[in-house]
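Enquirer: Model the following, please.
(one chain, ligands or ions: 1)
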Amino acid sequence: MTNDRVPPSGLPDPVRRSLFALGGLGLGAATVGFLAATFRFLVPNVLYEPSRRFAVGPASDFPPGSGTFLPDRRLYVFNSADGFYAISSVCTHLGCNVKHIGRGFECPCHGSQFDENGQVVHGPAPKALAWYALSLSPRAQLVVDLDQPVSPEFRLRA
Ligand code: FES
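Expert: Presented below is the predicted three-dimensional model:
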């Protein structure tokens, strides 16, 4: 007769302990895998955010005295006697595109009006239109930097 105690399950204690440890390991691995998959799901694979610094074309595409609306960029690029400058077309009220009219801008959504420098003339827009820095690339392209706001005195001489 052996010394091993045989419980009602019919398995000796060492075998039961091994099976219990194996079950614990399996449960732990499943928990770690579930948590890893959950946190991985929260992280996007790729961020599709357009660059905030981009070329809008050669300076020669913007003739003297012109104001060009770039709908894809929601931006106006002007070529005045003093130089080039860029003003956002995004209304500071709720984000509609403002229209360049005469010597200023008007928002078709709720009627805000801005002067030629983008300053609010008539609300409900709470703030002036944004101005962004322009530079000239080595290939003579005008480059706008949306991360570099500038004052309405800004001009790029090309
Ligand atoms: S979005 Fe321009 S006035 Fe409301």
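Enquirer: Up against the ligand, what does the protein have?
Expert: Taking CB under 6 Å from any ligand atom as the criterion, the neighbours of the ligand within the chain are 91, 93, 94, 96, 107, 109, 110, 112, 124, 125. Heads up, the C-betas are built off the backbone N, CA and C, glycines and all.
Enquirer: Select only the buried ones of these in PyMOL?
Expert: Buried residues among the residues of the chain next to the ligand (16 or more other CB atoms under 10 Å), as a PyMOL selection:
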select buried, resi 91+93+96+107+112+125
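Enquirer: between the residues of the chain next to the ligand, which is closest to residue 71?
Expert: Distance to residue 71, by CB to CB, is smallest for residue 96 among the residues of the chain next to the ligand, at 12.5 Å.
Enquirer: What segments of this structure are strands?
Expert: Ranges of strands in the chain, per DSSP state E, are 53-58, 67-70, 75-80, 83-88, 99-101, 104-106, 113-115, 120-122, 131-136, 141-149.
Enquirer: out of those, which comes closest to residue 16?
Expert: With CB to CB, the closest approach to residue 16 among those belongs to strand 141-149: 64.8 Å.
Enquirer: strands paired with that closest one, and their directions?
Expert: strand 53-58 (antiparallel), strand 131-136 (antiparallel) (DSSP bridges).
Enquirer: how near is the spatially most central residue of the chain to the ligand?
Expert: The centre of the chain sits closest to residue 49, judged by CA atoms, centre = their mean, with a distance of 5.1 Å. Per CB to the nearest ligand atom, to the nearest Å, residue 49 is found 23 Å from the ligand.
Enquirer: So what's the gap between the lowest-mean-pLDDT helix or strand in the chain and the chain middle?
Expert: Here the helix or strand of the chain ranked lowest by mean pLDDT, DSSP states H and E is helix 13-42, holding a mean of 87. Distance of helix 13-42 from the chain centroid (CA atoms, centre = their mean, to the nearest Å) equals 40 Å.
Enquirer: Equivalent analysis for stretch 46-64, please.
Expert: Centre-to-centre, stretch 46-64 and its host chain are 16 Å apart (CA atoms, centre = their mean).
Enquirer: Nothing else from me, thank you.
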